[in-house]
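**Q** I would like to see how this sequence folds:
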Amino acid sequence: MKTILTSNAPAPIGPYSQAILAGNMLYCSGAIPVDPVSGDVPEGIAAQTELAIANLSAVLQAAGTGFSNVVKTTCFLTNMGDFAEFNSIYAKYFTSAPARSCVAVAALPKGVSVEIEAVAVIEN
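**A** Model prediction:
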């Protein structure tokens, strides 16, 4: 197993890794919309979704892969009323339509509205 860590995404805020590479499978922790430099969280579901996806992209890139190799995502929203707006932004990046679960949760770390975790294949 190999730990993936990049300064282009927020540092873990607990005892976990940004991602773990096991064989040719990459397991990414949930990406939240925290600016990796300032620590700021933008307002609104659109800006938060864009930043969460950018943070996830940075982790995927650090492992040598990208959105086209994502096979499964799990998405967490604090308000299912944001689903349509979240979905329209998500669809711009996950064009390969990986398997996905999207669930409502009571709260997320740092008070954010969205979190996205992913599993990807690393092609040799």
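
**Q** make sure residue 70 is actually in contact with residue 98.
**A** Yes: contact criterion CB atoms under 8 Å: residue 70 and residue 98 qualify, at 4.7 Å. In short, each C-beta sits where N, CA and C put it, glycine included.

**Q** which residues touch stretch 13-21?
**A** Residues from elsewhere that reach stretch 13-21 (CB atoms under 8 Å, 6 or more residues apart in numbering): 1-6, 9, 12, 26-29, 59-60, 62-63, 109-110, 122.

**Q** go again using 6 Å as the cut-off
**A** Applying CB atoms under 6 Å, 6 or more residues apart in numbering, the contact partners of stretch 13-21 are 1-5, 9, 26-29, 59, 63.

**Q** would you reformat those as JSON lines and include secondary structure, distance to residue 117 and neighbour count?
**A** Formatted as JSON lines, the contacts of stretch 13-21 follow (DSSP: H, G, I helix; E, B strand; the rest coil; distance: CB to CB, whole Å; neighbours: other CB atoms under 10 Å):
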{"residue": "1", "secondary structure": "coil", "distance to residue 117": "17", "neighbour count": "8"}
{"residue": "2", "secondary structure": "strand", "distance to residue 117": "18", "neighbour count": "11"}
{"residue": "3", "secondary structure": "strand", "distance to residue 117": "16", "neighbour count": "10"}
{"residue": "4", "secondary structure": "strand", "distance to residue 117": "13", "neighbour count": "20"}
{"residue": "5", "secondary structure": "coil", "distance to residue 117": "16", "neighbour count": "12"}
{"residue": "9", "secondary structure": "coil", "distance to residue 117": "13", "neighbour count": "26"}
{"residue": "26", "secondary structure": "strand", "distance to residue 117": "11", "neighbour count": "25"}
{"residue": "27", "secondary structure": "strand", "distance to residue 117": "8", "neighbour count": "16"}
{"residue": "28", "secondary structure": "strand", "distance to residue 117": "6", "neighbour count": "26"}
{"residue": "29", "secondary structure": "strand", "distance to residue 117": "6", "neighbour count": "19"}
{"residue": "59", "secondary structure": "helix", "distance to residue 117": "10", "neighbour count": "24"}
{"residue": "63", "secondary structure": "coil", "distance to residue 117": "14", "neighbour count": "20"}
